[in-house]
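structural data only, the sequence is not supplied:
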């Protein structure tokens, strides 16, 4: 958890010199999502601002969670402890995005700056599938990045293939599948402080 504390503090320590209370207007919460790295960036900091821990956790990549050995429960416990030990985190300053750049189709960097501090944030694309029976999601999982789609010119059918574990596939035999979704989300994967800002 120490590594996680360093990562999070690095990312949010730039919020140390503003006005008491949330710096994001409430309507920011109606625009949350993960369709682009910038939207995930804004979602994470808005959630942090309003202490919506479940939404903060959703912004983190699966690999970030594995590396730091966290679940949603331990994340909530850690955040409560962090706010008790670091009360200045309640002070919010406006964060300015100063640079964005991509590293291939699945990795994106955002450089943010506030109160004289610069932090680089890495975002990764996570592809997924979801299978529903009625309103119930019965199966989901991750997909290889850039899952291929095939367009048949003769039939104008657009299709893709998802390889399921045999046990998962067995649960779908004779099932009435109502919805099959394939998509992607951008997730926050790392915080890196720009040490050039240090005196």
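Ah, there it is. Just so we're clear, the structure is a prediction, and the values are computed from it rather than from any experiment. Residues are numbered from 1 along each chain as shown.

helix, strand or coil for the residue of the chain most remote from its centre?
Residue farthest from the centre of the chain, counting by Cα atoms, centre = their mean, is residue 154 at 39.1 Å. The three-state label for residue 154, taken from DSSP: H, G, I helix; E, B strand; the rest coil, comes out as coil.

backbone phi and psi for the spatially most central residue of the chain, please?
Centroid-nearest residue in the chain: residue 59, 2.4 Å away (criterion: Cα atoms, centre = their mean). Main-chain torsions, residue 59, degrees, to the nearest 10: phi -70, psi -20.

now the residue nearest to it when sequence neighbours are not counted: which helix or strand?
Nearest non-adjacent residue to residue 59, counting by Cβ to Cβ, 6 or more residues apart in numbering: residue 44, 4.1 Å away. For the C-beta atoms, the positions are set from N, CA and C on the backbone; glycine is no exception. For residue 44, the element it lies in under DSSP states H and E is helix 37-50.

what does residue 184 give?
Using DSSP H and E, residue 184 falls in strand 179-193.

for this protein, what's the longest strand?
strand 117-133 (DSSP state E).

and the angle for that one with strand 179-193?
On the basis of axes from the mean of the first three to the mean of the last three Cα atoms, to 10 degrees, strand 117-133 is oriented at 160 degrees to strand 179-193.

next SSE downstream of strand 117-133?
strand 136-143.

partner strands of that next one, parallel or antiparallel?
Strands adjacent to strand 136-143 in the sheet, as given by DSSP bridges, are strand 117-133 (antiparallel).

buried stuff in the strand it pairs with?
For strand 117-133, burial by neighbour count (16 or more other Cβ atoms under 10 Å) applies to 117-129, 131.

same check, this time on stretch 61-81
Within stretch 61-81, judged by 16+ other Cβ under 10 Å, the buried ones are 61, 64, 65, 68, 70, 75, 78, 79.
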